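Peer 1: I would like to see how this sequence folds:
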Amino acid sequence: MSDHFLGIDNVSVSFGHGAAQIYALRNASLFFERGTLSLIMGPSGSGKTTLLSVLGCLLSPDEGTVFVDGVAVNNLIENDKTIIRRNKIGFVFQAFRLLHSLSAIDNVAIGFELRDPEQNQRGEIARSLLTQFGLEHKLHHEPDDLSPGEKQRVAIARALIGNPPILLADEPTASLDAAAGRNICQILRQEADQNQRTVVVVSHDARWQEFANCTFTLRDGQLQSREQVLVS
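Peer 2: Take a look at the predicted model:
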C-alpha cells in the first residue's frame, strides 16, 4: 500500500502480567486501503476484536504505531484521540445498540449528539439515510417493531452520521438470516464503492468473502494470511 491511511505497524497488545500475560496481538502489521472493504477472519481468541478496538482508538497498544486517517494516533493526547474517533470513525456492532424508547429516525438523529450537536438538519439527514437503506416506511417504528435486519440498517445509518471516512464493523451479520445478512454485506460494499469509505469487517461469516477486496486471517495475534481479490 502506498500510504498509511488506516492500519497498524508492528503492534503488540497484551493483557495480564508475568506468567498470566497473554498477547492478543503480537508484532502485527496490517494496512487497509482507502475506499475498500476488508474482512478480518480467524478463530476465537485470534485478536480480531482487539484489532478493531485498536483501529477505533478504543485501546492503546503496548508497542507499535496505529494510523487513522493518515495520523499516527499513538502520538496524540487522549482528547485528540477522542476527536478522531468522533469525527473519523463509524462503528457497527452485532448487538445493534439501539435505544429502545426511540423511533428509528430518532435513533439515527441522536448520532449528532456526539458528532455535531449544532446540526439543525439532523431529521432530514436521518430520513435520507434510512430511505437510502429502504426503511422509509419504518421511520417512526421503535426497535422492538423492527426485524433484526432492519435494526442493523438503522444502526449502520447512525454510524454514517457525520460522514466518517472509516467504518468499523464487528460481526454485523452474526445474528441475521441469509437474506438480511446479504443485504448488510451489499450495503457496506456500496459504502466503499460509492462513498469511498474504508470499511473493515470482523466476522466469522464466510459470506463476506464475496464482497471483500481483501481478506486477512489472524491466528494467535499475528497475521497468518492475506488474500486480495478483485470485487466486480
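Peer 1: How about residue 89, nearest residue that isn't a chain neighbour?
Peer 2: Spatial nearest neighbour of residue 89, chain neighbours left out: residue 166 (4.8 Å); criterion: CB to CB, 6 or more residues apart in numbering. From N, CA and C alone the C-beta is placed, and that goes for glycine too.
Peer 1: So what does the one you found have for phi and psi?
Peer 2: Phi and psi for residue 166, reported as degrees, to the nearest 10, are phi -120, psi 140.
Peer 1: Bridged to it, which residues?
Peer 2: On the basis of DSSP bridges, residue 166 is bridged to residue 89, residue 198.
Peer 1: Export the lowest-mean-pLDDT helix or strand in the chain to PDB, keeping only CA atoms.
Peer 2: For the chain, using mean pLDDT, DSSP states H and E, the weakest element among its helices and strands is helix 112-115, scoring a mean of 76. Provided in PDB are the C-alpha atoms of helix 112-115 (Å, rounded to 0.1, in the frame of the first residue of the first chain):
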ATOM      1  CA  PHE A 112     -25.400  14.000  16.000                       C
ATOM      2  CA  GLU A 113     -25.300  14.500  19.800                       C
ATOM      3  CA  LEU A 114     -21.700  13.400  19.800                       C
ATOM      4  CA  ARG A 115     -20.500  14.400  16.300                       C
END
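Peer 1: From the rest of the structure, what touches that helix?
Peer 2: With CB atoms under 8 Å, 6 or more residues apart in numbering as the test, helix 112-115 has contacts from 86, 87, 119, 122, 125, 161, 162.
Peer 1: Least confident of those residues?
Peer 2: For those, the weakest pLDDT value sits at residue 119, with 71.
Peer 1: if I look at that one, how far off is residue 128?
Peer 2: Look at residue 119 and residue 128: by CB to CB, to the nearest Å, they are 13 Å apart.
Peer 1: Residue 103 now?
Peer 2: For residue 103 relative to residue 128 (CB to CB), the value is 16 Å.
Peer 1: With neighbour numbers in mind, choose between those two.
Peer 2: Shown here are residue 103 and residue 128; by other CB atoms under 10 Å, residue 103 has more neighbours (19 against 13).
Peer 1: Would you mind listing the residues in contact with that one?
Peer 2: 139, 140, 141, 142.
Peer 1: can we see that at 6 Å?
Peer 2: Neighbour list for residue 103: 140, 142 [criterion: CB atoms under 6 Å, 6 or more residues apart in numbering].
Peer 1: Likewise for residue 129?
Peer 2: So residue 129 contacts 157, 160 (CB under 6 Å, 6+ apart).
Peer 1: which stretch of helix or strand covers it?
Peer 2: Per DSSP states H and E: residue 129 is located in helix 122-132.
Peer 1: For that helix, list every residue counted as buried.
Peer 2: 122, 125, 126, 127, 129, 130 (16 or more other CB atoms under 10 Å).
Peer 1: and after that helix, which helix or strand comes next?
Peer 2: Heading C-terminal from helix 122-132 (DSSP H and E), you reach helix 148-159.
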